[in-house]
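Undergrad: Using only what follows, build the 3D model:
(chains A and B)
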Protein chains: 2
Amino acid sequence: MADPLAQLIQHLGKLPGIGERTATRLAFFILRGPTSYAHDLANALIEVKQRLRQCSQCCQLTEQDPCSICNDAKRDRKTILVVALPQDLLAIERTGGYRGTYHVLHGLLSPLDGIGPDELKIDALLARLKDDDAVKEIILATSPNVEGDATALYLSRLLKPLGYTVSRIASGVPIGGELEYADSVTLNRAIEGRHEV
Amino acid sequence: MADPLAQLIQHLGKLPGIGERTATRLAFFILRGPTSYAHDLANALIEVKQRLRQCSQCCQLTEQDPCSICNDAKRDRKTILVVALPQDLLAIERTGGYRGTYHVLHGLLSPLDGIGPDELKIDALLARLKDDDAVKEIILATSPNVEGDATALYLSRLLKPLGYTVSRIASGVPIGGELEYADSVTLNRAIEGRHEV
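TA: Alright, predicted model coming up:
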């Protein structure tokens, strides 16, 4: 088979969750489709690497610095919600329910992988807190797994002595989920996290 | 969220089987990865549209015309294997078991979708047969479904009167498959296609 096609299949096959079969299917879809689509996708790939940088305040990925959230006067500056990755921020923004600001750590503590506090954007968070007296509460919204919990614990020990209200997002049985099918760790968390009604 | 990222997610989301969640995951993978990967993938997308054309003999997608298979003196010119799409050819080439040449129809007869014989590369097949006295057998390797069977029937009626041996690939229970789980159409085909042992 011709070389450019093999190349495209090979590069698509490097994407997570995409094996050779799916890569082949995608490549033929692109080949059959309009040239404009292939060009649009190619441009988007290049632009995303060229134009995005980290916001100097919240460290999210942005074209303009500070980012549109940090720059938005309507956002509530009293609260900073801390997430591990830019896609977590995106997921929370999609809900439309949170009106405060963010801080993106760009990872979670994971000593076994050599990721300590210095590898995360914790210094940037502290520098930002020093400059901004408006902040009252910090919500730790890392995932409820080993790394996420460890990172939240580390941050809470760091931030509480500075006088901030530090909170952790709730974990438990997901809305719409069936108790019957929830794993035991989730069930334990849900029971531990019970609140009076 | 920044615009280039939204664009990339949108374009990735147009690929078949890739929804917004997967597109987001892929976009962040690309964003985190080396710039060289994004550029390689972008180049592959553009090259595949620029450099591939149809082989004037077998109609497969190729950079050079005639394609490497039609141009290969070691391939057996007595047999032409007819497939619907370039990816079918690719699948058969991967097995390494077939040493003849190919013909790609670029579709299957489907009157309801307005696809008649003129929309397929049947004229090209006939023209090629007229020029080449070496061909003895034509193997119809369209998929065993309504369109594939109809196309095979149409071609066999067209080619048999011209004196060629026309054969159809076998269909039945897949190797490694369980009889118990085979659908009834496949089972019927397997019984119809029985051969003495």
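
Undergrad: Show me how far stretch A:157-175 is from its chain's centre.
TA: Chain-centre distance of stretch A:157-175: 17 Å, with CA atoms, centre = their mean, to the nearest Å.

Undergrad: just stretch A:52-66 next, same as before
TA: With CA atoms, centre = their mean, you get 14 Å for stretch A:52-66.

Undergrad: Is there proximity between that stretch and chain B?
TA: Yes: residues of stretch A:52-66 contacting chain B under CB under 8 Å from any CB of the partner chain: A:L52, A:Q60, A:L61, A:T62, A:E63. To be clear about C-beta, it is placed using only N, CA and C from the backbone, and glycine gets the same treatment.

Undergrad: residues of the longest strand along chain A that come out buried?
TA: The strand that spans the most residues within chain A, counting by DSSP state E, is strand A:76-83. Residues of strand A:76-83 classed as buried: A:T79, A:I80, A:L81, A:V82, A:V83 (neighbour count, 16 or more other CB atoms under 10 Å in any protein chain shown).

Undergrad: Can you show me the CA trace of it as CSV?
TA: As requested, the backbone C-alpha atoms of strand A:76-83 are provided in CSV (Å, rounded to 0.1, in the frame of the first residue of the first chain):
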residue,chain,number,x,y,z
ASP,A,76,-16.0,35.3,42.0
ARG,A,77,-12.4,35.9,43.1
LYS,A,78,-13.1,34.6,46.6
THR,A,79,-12.8,31.0,45.6
ILE,A,80,-10.1,29.0,43.8
LEU,A,81,-10.9,25.5,42.6
VAL,A,82,-7.8,23.4,42.2
VAL,A,83,-7.7,20.7,39.5
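
Undergrad: Name the surrounding residues that touch it.
TA: Residues from elsewhere that reach strand A:76-83, judged by CB atoms under 8 Å, 6 or more residues apart in numbering or on different chains: A:58, A:89, A:92, A:98-105, A:125, A:128-129, A:132, A:134-142, A:155.

Undergrad: cool, stretch A:25-40 as well?
TA: Residues contacting stretch A:25-40 (CB under 8 Å, 6+ apart): A:5, A:8-9, A:12, A:18, A:41, B:11, B:14-18, B:45-46, B:48-49, B:52, B:61, B:85-87.

Undergrad: Now the buried members of those.
TA: Neighbour-count burial (16+ other CB under 10 Å) applied to the contacts of stretch A:25-40 gives A:5, A:8-9, A:12, A:18, A:41, B:11, B:15, B:18, B:45-46, B:48-49, B:52, B:61, B:85-87.

Undergrad: Could you pull out the strands in chain A for me?
TA: A:53-54, A:61-62, A:76-83, A:100-104, A:137-140, A:165-168.

Undergrad: Export these as a markdown table, with columns for mean pLDDT.
TA: Listed next are these as a markdown table, based on pLDDT from 0 to 100:
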| stretch | mean pLDDT |
| --- | --- |
| strand A:53-54 | 90 |
| strand A:61-62 | 90 |
| strand A:76-83 | 94 |
| strand A:100-104 | 96 |
| strand A:137-140 | 93 |
| strand A:165-168 | 91 |
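
Undergrad: A:N188 is nearest to which of those strands?
TA: Across the strands of chain A, A:N188 has its closest neighbour in strand A:165-168 (15.6 Å, CB to CB).

Undergrad: Tell me the buried residues in the longest helix that chain A contains?
TA: Secondary structure of chain A read by DSSP state H shows that its longest helix is helix A:35-51. Using 16+ other CB under 10 Å as the test for burial, helix A:35-51 gives A:37-38, A:40-49, A:51.

Undergrad: Just the angle for that helix relative to helix B:35-51, thanks.
TA: Orientation of helix A:35-51 against helix B:35-51 (axes from the mean of the first three to the mean of the last three CA atoms, to 10 degrees) gives an angle of 160 degrees.

Undergrad: And the lowest mean pLDDT element among the helices and strands of chain A?
TA: helix A:184-192 (a mean of 79; mean pLDDT, DSSP states H and E).

Undergrad: Against A:T79, how distant is A:I175?
TA: Using CB to CB, to the nearest Å, A:I175 is found at 23 Å from A:T79.

Undergrad: How about A:S110?
TA: From A:S110 to A:T79 the distance is 27 Å (CB to CB).

Undergrad: And A:P117, by the same measure?
TA: 22 Å.

Undergrad: what residue ranges in chain A score low on pLDDT?
TA: Scanning chain A for pLDDT under 70 picks out A:1-2.

Undergrad: quick one: the helices in it?
TA: Counting by DSSP H, the helices of chain A are A:3-12, A:20-32, A:35-51, A:86-95, A:122-131, A:146-159, A:184-192.

Undergrad: can you list the ones you listed in a markdown table and add distance to B:D149?
TA: Putting those into a markdown table (distance: least, CB to CB, whole Å) gives the following:
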| stretch | distance to B:D149 |
| --- | --- |
| helix A:3-12 | 28 |
| helix A:20-32 | 23 |
| helix A:35-51 | 32 |
| helix A:86-95 | 46 |
| helix A:122-131 | 64 |
| helix A:146-159 | 54 |
| helix A:184-192 | 50 |
